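Colleague: take a look and give me a structure for this.
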Amino acid sequence: MQIGHDHRNDRSRSPEYAKGLRIDAELVGQLLYAFFNGCPAEAKNKKRLIFGDSYDEIFSEKITSEEVLFVWRLFKLIESEKINKRSRLTELEESKRVEESFILYSDFYLLYLMRVISEKKGIEASCQNLHKVWSFYEEACSKLKELLDAEVEKHNNRSIYTSYFKNNKVKSRIEDSYSID
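Modeller: Numbers count the residues shown, from 1 in each chain. Alright, predicted model coming up:
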């Protein structure tokens, strides 16, 4: 990659690079799988597919270094928000903390949902549009919370907050909400 970042699969091979400049290939695979391939559950829970059966689909010739950098930067923004949210969660009472903790488990679904919203609004996923796509973060969080709350109410089960993002039900609900075929 020629944009000031190093793409390596084995972190131990690049000690000379600052952590902020190194992009882990497995993480990139997860990000691409969730965002561009629309597979957030698989990106989160089936990492073995990234360098296995789905490798050619994820790392196709069509993927550009700009797209890799875009999705990585978007993820870094999500991670930054997650860190802020984690520190704010400690200030909440137990029931509210459990209810709001979903954000800590939803990175790949947020990526996917931000792509869906961007496409619906005609915004292309590119480094040039990073801040436009990022502006959909709160909308994506609200939509995930709405979907999660409906699931909790349906099953009358509060423990679902931490396990909800382990399957493709969420993606199906997102697609239903945004009328995606």
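
Colleague: can you pull out the helices in the chain?
Modeller: Along the chain, the segments classed as helices by DSSP state H run 25-35, 40-45, 55-58, 65-89, 94-100, 107-120, 130-134, 137-155, 160-163, 169-177.

Colleague: in terms of mean pLDDT, which of these ranks lowest?
Modeller: Across the helices of the chain, helix 160-163 has the smallest mean pLDDT, namely a mean of 66.

Colleague: which residues sit against stretch 95-111?
Modeller: Defining contact as CB atoms under 8 Å, 6 or more residues apart in numbering, one finds that stretch 95-111 is touched by 30-31, 33-35, 40-41, 43-44, 71, 74-75, 78-79, 81-82, 85-86, 89-90, 92, 137, 140-141, 144-145, 148, 158, 161-162, 164-165, 170-171, 174. To be clear about C-beta, it is placed using only N, CA and C from the backbone, and glycine gets the same treatment.

Colleague: now the buried members of those.
Modeller: Neighbour-count burial (16 or more other CB atoms under 10 Å) is assigned, among the contacts of stretch 95-111, to 30-31, 33-35, 40-41, 43-44, 71, 74-75, 78, 81, 89, 137, 140-141, 144, 148, 161, 164-165, 170-171, 174.

Colleague: buried ones in stretch 120-130, by neighbour count?
Modeller: 123, 125, 127, 130.

Colleague: that stretch spans what distance, first to last residue?
Modeller: 16 Å (CA to CA, to the nearest Å).
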